Structure formats: C-alpha cells, structure tokens
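> Output the structure for:
(chains A and B)
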2 protein chains.
Amino acid sequence: MSLSSGPAGGPVLMVGSVAYDSVRTPFGEAREVLGGAASYASVAASFFSPVRLVGVVGEDFTYDHVAQLAHRDIDLAGLRRAPGKTFRWEGYYEDDLNHAHTVSTELNVFQDFLPDLPENYRDTPYVFLANIDPGLQLAVLDQVRRPKLVACDTMNFWIEGAREKLVAVLARCDIALMNDAEVRQLSGQVNLVAAGRRILDLGPGVVIIKKGEHGCLMMSRDSYFAAPGYPLEEVRDPTGAGDTFAGGLVGYLARCGESTGEALRRAIVAGSVMASFTVEDFSLRRLFRLTPEEIAERYHEIVAMTRFGSL
Amino acid sequence: MSLSSGPAGGPVLMVGSVAYDSVRTPFGEAREVLGGAASYASVAASFFSPVRLVGVVGEDFTYDHVAQLAHRDIDLAGLRRAPGKTFRWEGYYEDDLNHAHTVSTELNVFQDFLPDLPENYRDTPYVFLANIDPGLQLAVLDQVRRPKLVACDTMNFWIEGAREKLVAVLARCDIALMNDAEVRQLSGQVNLVAAGRRILDLGPGVVIIKKGEHGCLMMSRDSYFAAPGYPLEEVRDPTGAGDTFAGGLVGYLARCGESTGEALRRAIVAGSVMASFTVEDFSLRRLFRLTPEEIAERYHEIVAMTRFGSL
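Reported below is the predicted structural model:
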C-alpha cells in the first residue's frame, strides 16, 4: 500500500497529553520542547491517516507548535486551550535508555482536563486512548459511537492507583498496548507470555507487549507475532518511542481499513519504524522532518532483517 | 532440509565443560544433574550433525551419563576421565530467569584440564569453543588444521580476567556468540549495535548477540538478522539455553556445509528452537526426549510468528 494513497478506513481519534518536556540523556539535552503521548501518537499516525487530536494545552502553548501539528494535517478542533500552563514533564535517562527517571511532573491545565469530544469526532472509526487517567479513557469511550477499533496504552502509575478503572477500559478495548514491565505488574505474572495471556483474559482481543530495543510481541488468543527493534547505533532520546509506535500502528490500521491478521502485523512493523525515527532526536524533531520514502525504506530493511527459509 | 538426511559438511568439534549442576529455580530444583556447556552444545548439535566432544570428567562421572551422550551418537574419544571429581556448579534463579546466581563453582578435574585432541579430531571442519578459559580455546585452535568454521562463546569472568587472550581468540573466530551484557562489557559500549560493531572490529565476521527471552541479533559487517525468542509460557530452568543455542546453530551449519547468508539465518532459528526446548525442564532432560518432528514443528511456528507483508 502506497503511503500517498487515500485513506481506506477513515480518521483516527487520539486522546492524551500534549506537553512541554525537559529531557536530558547521555547524548544531549532539550528544554521545554514539544512532547506528550498524544503529540507523538498524532504525528506518527498522520503519515498514514487523518488524525483528530483531543487534549488540552495552556496559554503558553506557542503558535509555532500549533502550526507544526497543523502542518501534519492534524485536526486540532479537539485541542482545548485552557487558562494556565501546559502540562510539563522533566526527566532524564542514564546509560539504560529503557528507564526514564522523572524529576518533576506538573499537571497544570491537565489537572482539570475532562475530554469533551466535538460532535463530529464522536463517529471517528479508530480510537487511540494514550496513557492518561483510565477515568478519562472511560469518559472518551462513553462519548464515541461504535468505533471500528479501540486501542489503549497505560502506565505503572494507573496500574497501582486506578486498577479497577483500567480493567474497565481494557474490557472495552480491542488492542492493549503495554510495555513488558506493565504487563507483568498488571497481571502479577513474571513470565511474559503468561502475563500477556492474563491481559487477554481481561477483554482485549490483542495485547501488544512493547520491549523497547527488543521490539515487541503481539499475542492474541490463537497467535503470536514478534517484531524486532530496528537496530540503531545512535539513540539520542527514547522519550515518546512507545507513543509513536502506538500512533503509527493505529494510523496504519486506519489507512488499511482493517485491523486483524496480516494488516495488524504490517501495522506493528510500521509502528516500530516510526518509533525508530523518533528516538534519533529529541522531541518530535525527527518526525517533523521525516519523509514517506524514509519510512518505506526502513520498513523494507526490517523485512530484510527478519527473513529466513524453511528448516 | 530434512533432519534425517546425511551430513553435508561433516562433524562438529565441541570443546568445553561437562559438569554436574545443582540448580534451583522458582519452579523446582535438581541436584547433581548433568550439565556443562559442552554437554548442552553437543547434544543440541547431535540432532543435526555428528559431534566430537572434547572435555574432562572425574571418576564420579556415571556410566549412565556416558550412555546418554553416546545414545546421541556423540563421539566421546575426546572426553578424558581424570582422577578426582567432575566439575560442579551450584546456582539458583529468582524471578528474573535471565540472571543466574552462583552459589559455588568447584573446578575439580577441570582445574588442570589441557585439551589434547585425538589425532583424528584435528581435521574436524566445524569447531565450537564453548565458554572456557580463552587460553584453552587458543590451545584448541593451535591443534586444529584449517577448520571451515570456528565459533566461540565466553563469559564476563574471562572478559574481566583474560581479556587479551579472549581478544586473540576472537581474532581467529568466524562467529562470536555472546550475550548482550557481555558484548557491552567487552566493547565498553552501551548501545548494543555499536557494541556489536566493536566486536566485529576484533576479527569475527559475525557476532551473534544472545538476548535470552528476547531472542538474538546477528550482525555482520553488512547485514543484520533478528530472531525472536520462542514464546514459552513455562520456563523451568534456563541453565544451558545459550550453550544449546550455540550447539544447535553450529550443528545445523555443519549439516548444511555452508555458514553464510541464508544458511546462517536458518541456523540461528534452529539454535533458538533447540534452546527453547532446553529451558522447558532441568538439565538436559528435555533434549534427551526431543524428537526431530518436534524441532521441525517449532521451527515452523517461528516462521509463522515472524512473517509479514510489504508496507
């Protein structure tokens, strides 16, 4: 499927945080740069499908950042501007880029965020609930009408503090995206496959376990799919990799107009490709200068590095 | 290629430890059971190719264990019986099965082991130097004549204590097998791809980075190949997984009579398949009751779980 052909399945609704991040890694630093799960997911998805972004920013959110998102043809009618400051996250990574150390989290305008979907958003066929309070994820699910596909992400904070609501979200999702530590934490199982099985028992037809540089493992009730991480010799900033993966995946599914079997596998690889670009630079810088040709080339490289013949 | 067809490339020489292990995991315990890198590697390889085992055991090594190895058609002319006790390792695993905790290591007869290859072993075309003192690995390389392929393994202990000799071994190897932590330790690089690149700079044409449940990454100067771990819902004892992987890999290459490109990829998957069986039970129990049909079936499952189409 050509990246430049028209959409088959319709737009994607992205709900989550839009943030200003301050990040330090062994390879550099960036302060007060565009971040947030919904930003990464929306921009990644926009390479495959129209995107409708639902979130909130403060009065300090710059026109430049609005313009950057708009340039990706992201519909910002659902991005509310509220009195106060934009959500902020500050953190750093040491040598182990799989582990983010949080210095501070300022919820700011996100504190009182209640998603209120514009009327024309309520029939969006593809929905991605990025990592936010499961209560808000449920509020979105109560507003959308018969979506074709719902995918969700979460984090350790909600597994600890809002488990019941999170379980209620998972029961209404088709695809659960979680990293390996989260899958183990939520399930109470150490073995990753057993842990994934428990997540499937909560409702979603598919769980996709994100393993950072090790790629991901997709599990459904009757199949597995394993995709490697793209081998990068330089990772500058892993922030947003998981959100980018999810956005690319859901965007690709929306583009295909189907979400099972072979299309889901291609979507997972497309998501991996997008994430591998995100980590090459701070913030969304690499995504903003990415081309469809680069996506296609890297996708093909992953094809080449996973092929092998019969025994 | 049928597992039951005749060998194309000739036998494999396996050099390393034959041991009695005492192992405890969250899923059980086994005391004084057959172990050692050369045991696992030899039995794994024996499913694909004739094997010649070079090692040493003590007077306490039982006829039963000799018979079990002999039943796999492993040539034991190079397995010396020395006065004293067999090498012993005692260890345990907690929930993180990727990390072995050593309780005790008794070198016993291994203390004075000097590999002395039987004359007819010196022309063995395929050589696997399991994880032993790099000085002994060099001694073996000095005795073999123009092997078609040499692969080696090592461990953190030798990287710390015998780095120069290890580097000399690597310079004479075609394939270096190491786990991710070892690759990072030897190279001084945190990024795994950059780390692997440094290992290639030391001489081997191929480095295969073992990542436990995450599978492995093969790097050569101009290509990558990533293979997933086989998803197992129950891992009883990870001891010997890496040795089994290596043995299966080299055995398969010997069977093919070639060791590059596509054959190497299939060999890596064959090695993964063998390792996935080893961890299903303690010691070599699962390997001793394994059938070629089970190998073929699991190989096919990995084919199925890695296939995906064009973008």
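
> what about A:Glu233, how many neighbours?
12 (other C-beta atoms under 10 Å in any protein chain shown). Glycine gets a C-beta too; all of them are placed from N, C-alpha and C.

> ok, it touching B:Leu192?
No. Counting by C-beta atoms under 8 Å, A:Glu233 does not reach B:Leu192; the two are 9.2 Å apart.

> can you tell me the residue of the stretch 1-150 of chain A closest to chain B?
A:Asp95 (4.5 Å; C-beta to the nearest C-beta).

> That residue: how many residues sit nearby?
Close neighbours of A:Asp95, defined as other C-beta under 10 Å, add up to 10.

> Angles on the backbone of it, please.
With angles defined as degrees, to the nearest 10, A:Asp95 sits at phi -60, psi -40.

> Centroid-nearest residue for chain A?
Centroid check for chain A by C-alpha atoms, centre = their mean gives A:Asp243 as the closest residue, at 2.6 Å.

> what does the stretch 201-311 of chain A have sitting close to chain B?
Proximity of the stretch 201-311 of chain A to chain B, by C-beta under 8 Å from any C-beta of the partner chain, involves residues A:211, A:213-215, A:217, A:219, A:223-229, A:231-235, A:262, A:265-266, A:268-270, A:295-296, A:299-300, A:303-311.

> Same question for the residue nearest to the centre of chain A, what's its three-state structure.
Following DSSP: H, G, I helix; E, B strand; the rest coil, the label given to A:Asp243 is helix.

> Could you measure from the residue nearest to it when sequence neighbours are not counted over to A:Phe277?
Closest residue in space to A:Asp243, ignoring its immediate chain neighbours: A:Tyr40 at 3.7 Å, by C-beta to C-beta, 6 or more residues apart in numbering or on different chains. To A:Phe277, A:Tyr40 is 11 Å away according to C-beta to C-beta, to the nearest Å.

> Over to A:Val303?
For A:Val303, the distance to A:Phe277 - C-beta to C-beta - is 17 Å.

> A:Arg265 now?
Distance from A:Arg265 to A:Phe277, counting by C-beta to C-beta: 20 Å.

> still on that earlier bit, what touches both of A:Tyr40 and A:Phe277?
Listed as contacting both A:Tyr40 and A:Phe277 by C-beta atoms under 8 Å, 6 or more residues apart in numbering or on different chains are A:244, A:287.

> out of these two, which sits in the more crowded spot?
Neighbour tally, A:Tyr40 and A:Phe277, criterion other C-beta under 10 Å: the higher count belongs to A:Tyr40, 33 against 24.

> I'd assumed A:Asp237 was in contact with that one.
No. Contact criterion C-beta under 8 Å: A:Tyr40 and A:Asp237 do not qualify, at 11.5 Å.

> For A:Thr239, which non-adjacent residue is closest in space?
Going by C-beta to C-beta, 6+ apart, A:Thr239 has A:Val23 as its nearest residue, at 5.4 Å.

> Tell me what that neighbour is bridged to.
Bridge pairing for A:Val23 (DSSP bridges) gives the partners A:Ala30, A:Gly91.

> Now do the same contact list for it.
A:29-30, A:33, A:35, A:90-93, A:237, A:239, A:282-283.

> Out of the residues you listed, the closest to B:Tyr126 would be?
When the contacts of A:Val23 are compared for distance to B:Tyr126 (C-beta to C-beta), A:Tyr93 wins out at 42.4 Å.

> biggest helix in chain A, by residue count?
helix A:261-278 (DSSP state H).

> Return the set of buried residues in it.
Neighbour-count burial for helix A:261-278, counted by 16 or more other C-beta atoms under 10 Å in any protein chain shown, picks out A:263-278.

> Likewise for stretch A:282-291?
A:282-287, A:290.

> What about those residues, which are in helices?
A:285-287.

> Closest one of these to B:Pro204?
Taking C-beta to C-beta as the measure, B:Pro204 lies nearest A:Arg286 of these, at 32.5 Å.

> so the closest one makes contact with A:Ala275?
No. The criterion here is C-beta under 8 Å, and A:Arg286 misses it with A:Ala275 at 10.5 Å.

> all helices of the stretch 101-250 of chain A, in order?
A:134-143, A:156-161, A:163-171, A:180-187, A:192-201, A:241-256 (DSSP state H, counting those that start in this stretch).

> What are the contacting residues of the shortest one?
Think helix A:156-161. So helix A:156-161 is contacted by A:131, A:133-134, A:165-166, A:181-182, A:185-186 (C-beta under 8 Å, 6+ apart).

> can you do 10 Å?
A:102, A:105, A:131-135, A:137, A:165-167, A:169, A:178-179, A:181-187 (C-beta atoms under 10 Å, 6 or more residues apart in numbering or on different chains).

> so for it, what's the average pLDDT?
Averaged across helix A:156-161, pLDDT comes to 95.

> Quick check: buried residues in it?
So, applying 16+ other C-beta under 10 Å, buried residues of helix A:156-161: A:158-159.

> for it, the distance to its chain's centre please.
A distance of 18 Å separates the centroid of the chain from that of helix A:156-161, by C-alpha atoms, centre = their mean, to the nearest Å.

> just the fourth one next, same as before
Here the centre of helix A:180-187 is set off from its chain's centre by 17 Å, with C-alpha atoms, centre = their mean.

> Test my guess that A:Ser46 contacts A:Thr244.
No. The pair A:Ser46 / A:Thr244 is not scored as a contact, 11.3 Å apart, by C-beta atoms under 10 Å.

> Next, show the common contact partners of the two.
A:Leu287.

> And these two? Which one has more around it.
A:Thr244 (30 against 23).

> Enumerate every residue touching that one.
A:37, A:39-45, A:271-279, A:284, A:286-287.

> same thing with A:Met218?
A:175, A:177, A:196, A:206-209, A:224-227, A:249, A:264-265, A:267-268, B:305.

> let's go with 6 Å and repeat that
A:208, A:225, A:268 (C-beta atoms under 6 Å, 6 or more residues apart in numbering or on different chains).

> Tell me what the first one is bridged to.
On the basis of DSSP bridges, A:Ile208 takes part in beta bridges with A:Leu177, A:Met218.

> right, and it touches A:Met178 too?
No. Counting by C-beta atoms under 6 Å, A:Ile208 stays clear of A:Met178, with 7.7 Å between them.

> Which residues of the stretch 1-150 of chain A lie near chain B?
Counting by C-beta under 6 Å from any C-beta of the partner chain, the residues of the stretch 1-150 of chain A close to chain B are A:Asp95.

> Which positions in stretch A:119-131 come out as buried?
A:121, A:124-131.

> Just send the residues you listed back as TSV, with pLDDT and distance to B:Asp116 too.
Below are the buried residues of stretch A:119-131 laid out as TSV (pLDDT from 0 to 100; distance: C-beta to C-beta, whole Å):
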residue	pLDDT	distance to B:Asp116
A:Tyr121	97	77
A:Thr124	97	73
A:Pro125	96	72
A:Tyr126	97	67
A:Val127	98	69
A:Phe128	98	64
A:Leu129	98	66
A:Ala130	97	64
A:Asn131	95	61
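
> Now go through the residues you listed and say which are in strands.
Using DSSP state E, A:126-129 are the members of these that sit in strands.

> before we move on, the earlier item: the inter-axis angle of the longest helix of chain A versus helix A:241-256?
140 degrees (axes from the mean of the first three to the mean of the last three C-alpha atoms, to 10 degrees).

> Does anything pack onto helix A:261-278? Which helices or strands?
For helix A:261-278, the packing partners by 3 or more C-beta pairs under 6 Å, 6 or more residues apart in numbering or on different chains; DSSP states H and E come out as strand A:224-227, helix A:241-256, helix A:285-288, helix A:292-304.

> Sheet partners, orientation included, of the first one?
Right, the one you point to is strand A:224-227. Strand A:224-227 sits in its sheet next to strand A:216-220 (antiparallel), going by DSSP bridges.

> State the mean pLDDT of the strand it pairs with.
For strand A:216-220, the mean per-residue pLDDT is 98.

> One more: stretch A:233-247?
96.

> so how far is the first residue of that stretch from its last?
Using C-alpha to C-alpha, to the nearest Å, the end-to-end distance of stretch A:233-247 comes to 24 Å.
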